[in-house]
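Novice: Got a sequence here, can you build the structure:
(one chain, ligands or ions: 3)
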Amino acid sequence: MLRIALPHKGALSEPASAMLQEAGYAQRKDRRELVLVDAANDVEFFFLRPGDIAVYVGSGKLDLGITGRDLLAESGAGAEEIMQLDFARSTFSYAAVPGTAEDVRDFAGMTVATSFPGLVAKHLADNGVDAAVVRLDGAVETAVQLGVADVVADVVETGTTLRQAGLEIVGAPILTSEAVVVRRTEASADEPEVRRFLRRMQGVLVARRYVMMDYDIHVEHLERAVALTPGLESPTISPLHHGGWVAVRSMVPARQAQQIMDDLYELGARAILTTSMHACRL
Ligand SMILES: Nc1ncnc2c1ncn2[C@@H]1O[C@H](COP(=O)(O)OP(=O)(O)OP(=O)(O)O)[C@@H](O)[C@H]1O
Ligand SMILES: O=P(O)(O)OC[C@H]1O[C@H](OP(=O)(O)OP(=O)(O)O)[C@H](O)[C@@H]1O
Ligand SMILES: [Mg+2]
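Specialist: Ligands and ions are numbered 1, 2, ... in the order given. Model prediction:
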């Protein structure tokens, strides 16, 4: 049975559960459930602190985990990222009161507060900066106001939390993060159960990113229409009973669907339909 670590709370928890539900896995009924056996899919889920997930996976106790790239980097565990999940996108950045510093090199002699001390110490060292690092569990933005630190290094999504604390980003991000699937670094990449899980997650990502588009067009415009809707491999073309016309079916990126429909219409296509997908296997 595949053993998978999931974030039991925080910013990763709900979108991870939503993705697994779309992939057909069982859901826990109560947030206090820490282990969930999904016998039908031969998977056991362990709900853990997001920061601990890479440690469990790196130790080999669990096969896979869903965590943040920033948390994986901080863990220093022997785990690696094997799939990007396209949610919980953020940057991990320095911030300070305007005028404090323009670049990481200006932090020499200052104190940096963060929940990611390993990541920050390494970044400072890589930049040859001698600064103190103070580890805090959360709400680190407040550390500057309270005089605990001169600078913070934290997760930034919209920047609202920083602005409300009177801080602004300093320098380039230390890293950009998103939710990822992790596995132990030396694990064999070829277990059928792991490949099946990844295929299901990939199926959810594709179903979210693409829509199915159908339309009818006269053969004389077909080549130009197909150039607008090339599909992932190649569109399906079926003859219509009405002479000289064909029906085309192709996957298109959901975000471009409306523009493509306008362009197809202008080209002479009619009966242009888009349908959302629930799941897929490419
Ligand atoms: N506002 C946000 N937008 C996007 N991603 C976020 C946001 N806040 C946190 N994350 C991401 O979520 C992951 C874990 O952060 P989260 O705050 O949920 O856990 P935690 O701080 O360890 O737990 P908690 O704060 O609940 O004790 C990290 O990968 C982080 O990048
Ligand atoms: O840029 P924003 O959109 O404002 O989001 C970033 C904030 O979200 C997270 O906080 P969280 O709610 O996890 O609290 P924590 O700091 O206590 O972990 C993160 O630590 C930042 O503080
Ligand atoms: Mg947090």
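
Novice: so what's the residue of the stretch 101-250 of the chain found nearest ligand 1 up against?
Specialist: Here the residue of the stretch 101-250 of the chain nearest ligand 1 is residue 157; by C-beta to the nearest ligand atom that distance is 3.3 Å. To be clear about C-beta, it is placed using only N, CA and C from the backbone, and glycine gets the same treatment. Neighbour list for residue 157: 89-90 [criterion: C-beta atoms under 8 Å, 6 or more residues apart in numbering].

Novice: how about the residues of the stretch 1-150 of the chain near ligand 2?
Specialist: With C-beta under 6 Å from any ligand atom as the criterion, the stretch 1-150 of the chain meets ligand 2 at residues 10-11, 138-139, 141.

Novice: at 5 Å what do you get?
Specialist: Listed as neighbours of ligand 2 in the stretch 1-150 of the chain under the rule C-beta under 5 Å from any ligand atom: 138-139.

Novice: Run through the bridge partners of whichever residue of the stretch 1-150 of the chain sits closest to ligand 1.
Specialist: Per C-beta to the nearest ligand atom, residue 68 is where the stretch 1-150 of the chain lies closest to ligand 1, at 1.8 Å. Note on residue 68: beta-bridge partners by DSSP bridges are residue 179.

Novice: I'd like the distance between it and residue 10.
Specialist: Distance from residue 68 to residue 10, counting by C-beta to C-beta, to the nearest Å: 9 Å.

Novice: got any residues that touch both of these two?
Specialist: Residues touching both residue 68 and residue 10 (C-beta under 8 Å, 6+ apart): residue 50.

Novice: and these two? which has more neighbours close in?
Specialist: residue 68 (27 against 15; other C-beta atoms under 10 Å).

Novice: just so I have it, where are all the helices in the stretch 101-250 of the chain?
Specialist: Using DSSP state H, counting those that start in this stretch, the helices assigned to the stretch 101-250 of the chain run over residues 117-126, 142-145, 160-164, 192-209, 222-228.

Novice: Now for the residue nearest the centre of the chain: which residues touch it?
Specialist: The chain has residue 86 as the residue nearest its centroid, 2.7 Å off, counting by C-alpha atoms, centre = their mean. Neighbouring residues of residue 86 by C-beta under 8 Å, 6+ apart: 178-179, 205, 208.

Novice: swap in residue 164?
Specialist: Each residue near residue 164 by C-beta under 8 Å, 6+ apart is listed here: residue 141.

Novice: I'd assumed residue 50 was in contact with residue 71.
Specialist: Yes - the criterion here is C-beta atoms under 8 Å, and residue 71 meets it with residue 50 at 5.7 Å.

Novice: Show me which residues of stretch 225-233 are buried.
Specialist: Residues 225-226, 228-229, 231 are the ones in stretch 225-233 that count as buried (16 or more other C-beta atoms under 10 Å).

Novice: Could I get the CA-only coordinates of it as PDB?
Specialist: Extracted C-alpha coordinates of stretch 225-233, given in PDB (Å, rounded to 0.1, in the frame of the first residue of the first chain):
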ATOM      1  CA  ALA A 225      -8.400  26.300 -38.000                       C
ATOM      2  CA  VAL A 226      -6.200  23.400 -36.900                       C
ATOM      3  CA  ALA A 227      -3.300  25.900 -36.600                       C
ATOM      4  CA  LEU A 228      -5.400  27.700 -33.900                       C
ATOM      5  CA  THR A 229      -6.300  24.400 -32.200                       C
ATOM      6  CA  PRO A 230      -3.400  22.000 -32.700                       C
ATOM      7  CA  GLY A 231      -4.300  20.000 -29.600                       C
ATOM      8  CA  LEU A 232      -1.800  18.100 -27.500                       C
ATOM      9  CA  GLU A 233      -0.900  15.700 -30.200                       C
END
